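>>> Make a model of this:
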Amino acid sequence: MPDLRYNIGQLARAAGVPTTTVRFYERKRLISPPGRTMSNYRWYDQNSLERLRFIKLAHSGGFSLNDIRAMLEPHGGSAAQCRRVAELIAHRLEKVKSQIKELKRLEKILGGDLQLCSAGRSPRCAVVGELWRAAKDPIWAWRDGPVSRPPKGSRSHRP
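Take a look at the predicted model:
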């Protein structure tokens, strides 16, 4: 099988991203063309395509560019590097679990409100009312994720 070569447009189409994304990842030093044509155009190979698809998948999965860079570093099976990658994945998994929990809570609120609206038993739009009530709950305060509730009976203050 002959070596496939892609120009930037072909690479972008094959990976399902715009060419600006390829250039952005190049500026961030996550991908680089393995060579240039005689006319000085960048060309990419199958490894470039696979790397770009990996970056796209990891980025859309919520990994930061620094996390992706760490995952892409050659490590030759180094135990320390494998532990670092495992920590990145574990941290991201915890965030995903938290997001799923919050999305399930939102699904329950919206599902119940939709039933009220559909039955015509709501004096006003219950969805908006429930969302306002939920928004007042401290568990919905976001920074790096939802904050945990203080234990019952404890005194907490808000800034």
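>>> which intervals of this structure have sub-threshold pLDDT?
1-2, 75-77, 118-127, 130, 138-159 (pLDDT under 70).
>>> So which residue is dead centre in it?
By CA atoms, centre = their mean, the mean C-alpha position of the chain lies nearest to residue 62, the distance being 1.9 Å.
>>> Could you verify my assumption that that one touches residue 93?
No: contact criterion CB atoms under 8 Å: residue 62 and residue 93 do not qualify, at 10.0 Å. To be clear about C-beta, it is placed using only N, CA and C from the backbone, and glycine gets the same treatment.
>>> Spatially nearest residue to the residue nearest to the centre of the chain (excluding sequence neighbours)?
Residue nearest to residue 62 in three dimensions, not counting chain neighbours: residue 92, with 5.8 Å by CB to CB, 6 or more residues apart in numbering.
>>> The one you found: what's it in contact with?
By CB atoms under 8 Å, 6 or more residues apart in numbering, the contact list for residue 92 reads 61-63, 67.
>>> Give the buried subset of those residues as a PyMOL selection command.
The PyMOL selection below is limited to those of those classed as buried (16 or more other CB atoms under 10 Å):
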select buried, resi 63+67
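>>> Of the contacts of residue 92, which belong to helices?
residue 67 (DSSP state H).
>>> just the contacts of residue 92 now: which is nearest residue 51?
residue 63 (14.3 Å; CB to CB).
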